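Trainee: Provide a 3D model corresponding to the input given below.
(one chain, ligands or ions: 2)
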Amino acid sequence: MELRRFGPNIIVTGTPGCGKSSTCELLKDELKGYKYYNISDFAKDNDCFEAYDEARKSHIVDEDKLLDKLEPLLRQGNSIIDWHVNDVFPERLIDLVVVLRCDNSNLYSRLHARGYHDSKIEENLDAEIMGVVKQDAVDSYEPHIVVELQGDTKEDMVSNVARIVAWEKMWLEQHSD
Ligand code: ADP
Ligand code: MN
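Mentor: Ligands and ions are numbered 1, 2, ... in the order given. Next comes the predicted model:
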């Protein structure tokens, strides 16, 4: 039997560069008592890498290992999860999936500033145009818990965080006795 959660688990996802981590940093200051899991860091800290992808210059996460470590933590609720992959977390443990979207010219500048090489920038721009992360989210979770938010400007980010905070308050009201 699943233990009851006293606070929701929120995924903030999106193509790399869409603003997940900046949004989560702001969000965790607003949602007191939440744990913030940046999965790239979490996987590194918990030794959850299975290989190194030489072509992409990035580590491949061992998803089974990751879930072994993360599931007990998610069962406690009150979590913010930051990862571009969203389809590996058990559906029963996730209450909201925020998909951040970004205009391609903005995304290009952000990834270029990050020093990504052209093929990696192109791969991410294509993924953003095709809405790959959004599609993964609606394929993996009930569509009504998936929310797409545009994140092109600082103002967008502030209003996105305000919306998530308002949603959290509503969740708490709906789940109180
Ligand atoms: P991700 O974690 O999704 O890869 P980041 O949060 O690291 O993305 O953001 C990538 C870059 O874009 C950072 O330099 C960040 O300051 C900038 N950025 C992110 N979201 C916004 C936004 N809504 N408006 C302006 N700049 C943003
Ligand atoms: Mn990030």
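
Trainee: pretty sure Ile121 contacts Ala113?
Mentor: No - taking contacts as Cβ atoms under 8 Å, Ile121 lies outside contact range of Ala113: 10.6 Å. Using the backbone N, CA and C atoms, a C-beta is placed for each residue, glycine as well.

Trainee: who has more neighbours, the two?
Mentor: Ile121 (19 against 9; other Cβ atoms under 10 Å).

Trainee: and the more buried one, what element?
Mentor: Using DSSP states H and E, Ile121 falls within helix 118-130.

Trainee: Now for the residue of the chain found nearest ligand 1: which residues touch it?
Mentor: Of all residues in the chain, Gly19 sits closest to ligand 1, at 2.7 Å by Cβ to the nearest ligand atom. Gly19 makes contacts with Leu100, Cys102, Gly151, Met157, as judged by Cβ atoms under 8 Å, 6 or more residues apart in numbering.

Trainee: how many other residues sit next to the third one?
Mentor: Using other Cβ under 10 Å, the number of residues around Gly151 comes to 25.

Trainee: repeat for the first one
Mentor: For Leu100, the neighbour count with other Cβ under 10 Å is 26.

Trainee: If you average the pLDDT over stretch 60-72, what comes out?
Mentor: The average pLDDT within stretch 60-72 is 96.

Trainee: oh sorry, the question was meant for stretch 160-177
Mentor: 95.

Trainee: Need the residues that contact it.
Mentor: By Cβ under 8 Å, 6+ apart, stretch 160-177 touches 5-8, 10, 23, 26-27, 30-31, 95-96, 98, 100, 147, 149-151.

Trainee: Show only the entries of those found in helices.
Mentor: With DSSP state H as the criterion, helices contain Thr23, Leu26, Leu27, Glu30 from among these.

Trainee: Now the third one: closest residue in space, sequence neighbours ignored.
Mentor: The one in question is Leu27. Spatially, and ignoring its direct neighbours in sequence, Leu27 is nearest to Val161 (5.1 Å; Cβ to Cβ, 6 or more residues apart in numbering).

Trainee: Okay, that neighbour and Asp29: tell me how far apart.
Mentor: Shown here: Val161 relative to Asp29, a distance of 9 Å by Cβ to Cβ, to the nearest Å.
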